[in-house]
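Student: After the sequence you'll find the predicted model.
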Amino acid sequence: MPDRRPDRRRSQRWSPRGQLFVDDDLRGGRLGMISNISATGMMLISDSEIPEQAAFQLRISDFPGGVSSCVLGVESIWTEAASTPGRFWTGFRIIESDPKFAQAIAAPGPGFDPW
């Protein structure tokens, strides 16, 4: 994983215990897999480079904690190549989320570990 600047986050980050995929609702298709997530942002690993400062409407299906799916409005903040060829890390800021997500990430339960 990338070594980012000093950690200045205000929200607890969580790593999913299993694979948690993210789909792009506006453009269609799978965008990537969540590495870690908080109430204010997330980091994805993907098979394609995601442009910085781009807005997305993302859907997370089967979010742990009993949420069937949730929709997030996000902005990509940074991206860099992973050590595995053809893979990329991208950091996102969450701009808007539905109430189901806010409740689920506040107490994520057994599907997540603290990051």
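Tutor: That came in fine, so what should we check first? Everything numeric in this text was worked out from a predicted model, so none of it was measured.
Student: Tell me which residue lies nearest the centroid of this structure.
Tutor: residue 42 (3.6 Å; CA atoms, centre = their mean).
Student: my guess is that one is in a strand, correct?
Tutor: Yes - under DSSP: H, G, I helix; E, B strand; the rest coil, residue 42 falls within a strand.
Student: isn't it right next to residue 94, touching?
Tutor: Yes - with contact defined as CB atoms under 8 Å, residue 42 and residue 94 form a contacting pair (7.0 Å). In this view, the C-beta of every residue, glycine as well, is placed from N, C-alpha and C.
Student: list the contacts for residue 88?
Tutor: 45-50, 79-82 (CB atoms under 8 Å, 6 or more residues apart in numbering).
Student: hang on, the earlier thing: now list whatever residues contact both of residue 42 and residue 94.
Tutor: Shared contacts of residue 42 and residue 94, counting by CB under 8 Å, 6+ apart, come down to residue 74.
Student: Find the residue closest to the residue nearest to the centre of the chain in space, skipping its chain neighbours.
Tutor: residue 92 (5.2 Å; CB to CB, 6 or more residues apart in numbering).
Student: quick one: buried residues of whatever helix or strand that neighbour lives in?
Tutor: Assigning secondary structure by DSSP states H and E places residue 92 in strand 88-97. Residues 88-92, 94, 97 are the ones in strand 88-97 that count as buried (16 or more other CB atoms under 10 Å).
Student: Kindly report the same for stretch 38-50.
Tutor: Those would be 38-39, 41-44, 46, 50, for stretch 38-50 by 16+ other CB under 10 Å.
Student: Partner strands of the longest strand anywhere in the chain and their direction?
Tutor: As assigned by DSSP state E, the longest strand anywhere in the chain is strand 67-81. Strand pairing for strand 67-81, using DSSP bridges, gives strand 55-63 (antiparallel), strand 88-97 (antiparallel).
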